[in-house]
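Trainee: Build me a model:
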Amino acid sequence: MRAIRVPAHGGPEVLEPAELDRPTPQSGELLVEVSAAGVNFIDTYQRSGLYSVPLPFTPGVEGAGTVREVGPDVTGFAPGDRIAWAMTPGGYAEQAVVPARNSVRVPDGVDDRTAAATMLQGMTAHFLVTSTHPIRPGETALVHAAAGGVGLLLTQLIKARGGNVIGTVSTDEKERLARAAGADEIIRYTDADVAEEVRDLTDGRGVDVVYDGVGEDTFDGSLASLRPRGTLALFGASSGPVPPVDPQRLNSGGSLFLTRPSLAHHMLDREELDRRAGEIFRAVRAGELDVRIGGSYPLEQAGRAHEDLEARRSTGKLLLLP
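Mentor: Coordinates of the predicted model:
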């Protein structure tokens, strides 16, 4: 089968097409023919070595496809089932072995590409607004990269819960997309001081929560944008990791809360995975959640997909189509 391999850490150029033997599912595993694989910043972190992964490896932690073979001790899945998964390596391939415990059925009315575009970023947006800082009606959130894959979904989910959104973007097209998703106010982070703009927009109060997947470039401004006892949910580091922080900054900023959540810790058991994925898929089927696929690439162009993602040339979700 065709797959992408990472033989050494580095830039997008280290993503190499390869021919590999078809994997065999072991106990508790499913062999899946991959219809679409999600491209995520975690893939770039693993490729670059920011996140340690043993070499060589096949990247891709999210996808959707059709079950072709069921390993021993698997219940609830059968050949022919359409499934989707997240937080499981090996998705940049024509076939992948996926633990049944990390897999969910794709419901009728949701195509494979939408399912692949929904799992990681959709469930991330879900846990951020329901668990990390549950949005209450009338609260105001600052959403960085509001036209990105998570940003567009976050904005829609915040609005559905009665919250207000201040989004940051860099271009006219990204502003249009963020406003279409429901953003109430937009800040061009390339042209303005984000914290000052937030204070102006909130009459000096600050926002209740900042959802920040950018990291190093936005961290200081995110802290300065919060109201007293506000929450900074730092869920990614697309601009680089945040340097060590003196906890006294949280005190001086107004008894602030800082958390670094990840999806893996919010799908710890079957009930939680099914609940989060199920609520996202129901919203998609009902037309309440629009999943924007901003770009699709053949498997061999994985390097280009990474380049577009890291250069912030993309909007919405990027997919590889084996």
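
Trainee: Pick out the residue nearest the middle of the chain.
Mentor: Compute the mean C-alpha point of the chain, and by CA atoms, centre = their mean the closest residue is Gln121, 3.0 Å away.

Trainee: Name the next helix or strand downstream of whichever strand or helix holds it, please.
Mentor: Gln121 belongs to helix 112-127 when assigned by DSSP states H and E. Counting by DSSP H and E, the next helix or strand C-terminal to helix 112-127 is strand 140-143.

Trainee: what does that next one contact?
Mentor: Residues from elsewhere that reach strand 140-143 (CB atoms under 8 Å, 6 or more residues apart in numbering): 133, 135, 151, 154-155, 158, 163-168, 183, 194, 198, 202, 207-212, 222, 225. In this view, the C-beta of every residue, glycine as well, is placed from N, C-alpha and C.

Trainee: again, 6 Å this time
Mentor: Contacts with strand 140-143, where a contact means CB atoms under 6 Å, 6 or more residues apart in numbering, come from 151, 154-155, 158, 163-167, 207-211, 225.

Trainee: what's the answer for stretch 221-230, then?
Mentor: Where contact means CB under 6 Å, 6+ apart, the residues beyond stretch 221-230 that reach it are 142, 194-195, 198, 205-208, 210, 212, 232, 253-256.

Trainee: domain ranges for the protein?
Mentor: 2-119+291-321, 137-260 (automatic domain parsing).

Trainee: any chance of those domains in a markdown table, plus mean pLDDT and distance to Leu268?
Mentor: Listed next are these as a markdown table, based on pLDDT from 0 to 100; distance: least, CB to CB, whole Å:
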| stretch | mean pLDDT | distance to Leu268 |
| --- | --- | --- |
| domain 2-119+291-321 | 97 | 10 |
| domain 137-260 | 97 | 16 |
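
Trainee: can you tell me which of those comes nearest to Asp274?
Mentor: Each of those was checked against Asp274 via CB to CB, and the shortest separation belongs to domain 2-119+291-321, namely 6.3 Å.

Trainee: State the number of residues packed around the closest residue to Leu263 other than its chain neighbours.
Mentor: With sequence-adjacent residues excluded and distances taken as CB to CB, 6 or more residues apart in numbering, Leu263 is closest to Thr124, at 5.2 Å. For Thr124, the neighbour count with other CB atoms under 10 Å is 26.

Trainee: thinking again about what came up before, among the domains of the chain, which comes closest to Asp269?
Mentor: Taking the domains of the chain one by one with CB to CB, domain 2-119+291-321 is closest: 8.6 Å.

Trainee: mind checking how far that closest one is from the chain centre?
Mentor: 13 Å (CA atoms, centre = their mean, to the nearest Å).

Trainee: Likewise for stretch 272-285?
Mentor: Its chain's average C-alpha position is 15 Å from that of stretch 272-285, according to CA atoms, centre = their mean.

Trainee: Surely Ala100 and Thr75 touch.
Mentor: No. Ala100 is not in contact with Thr75 according to CB atoms under 6 Å; the separation is 7.9 Å.

Trainee: And the strand ranked longest in the chain, what does it pack against?
Mentor: With DSSP state E setting the assignment, residue counts place strand 29-39 as the longest strand in the chain. Other helices and strands packing on strand 29-39, by 3 or more CB pairs under 6 Å, 6 or more residues apart in numbering; DSSP states H and E, are strand 62-70, strand 95-99, helix 112-127, strand 317-321.

Trainee: Give me the buried positions along it.
Mentor: When neighbours are counted by 16 or more other CB atoms under 10 Å, the buried residues of strand 29-39 are found to be Glu29, Leu30, Leu31, Val32, Val34, Ser35, Ala36, Ala37, Gly38, Val39.

Trainee: Then stretch 94-108?
Mentor: Of the residues in stretch 94-108, those scored as buried under the neighbour-count criterion (16+ other CB under 10 Å) are Gln95, Ala96, Val97, Val98, Pro99, Ala100, Asn102, Ser103, Val104, Arg105, Val106.

Trainee: Tell me the spacing between Val53 and Phe41.
Mentor: Distance, Val53 to Phe41, using CB to CB, to the nearest Å: 14 Å.

Trainee: ah, wrong one, I meant Thr168
Mentor: Using CB to CB, one obtains 16 Å as the distance from Thr168 to Phe41.

Trainee: Looking at these two, which has the bigger crowd around it?
Mentor: Each of Thr168 and Phe41 has its neighbours counted (other CB under 10 Å); Thr168 has more, 32 against 22.

Trainee: Mind telling me what element the more buried one is part of?
Mentor: Thr168 is part of strand 164-169, with elements assigned from DSSP H and E.

Trainee: Which positions in the helix or strand just after that strand come out as buried?
Mentor: Moving toward the C-terminus from strand 164-169, the first helix or strand encountered (DSSP H and E) is helix 172-181. Residues of helix 172-181 classed as buried: Lys174, Glu175, Leu177, Ala178, Arg179, Ala181 (neighbour count, 16+ other CB under 10 Å).
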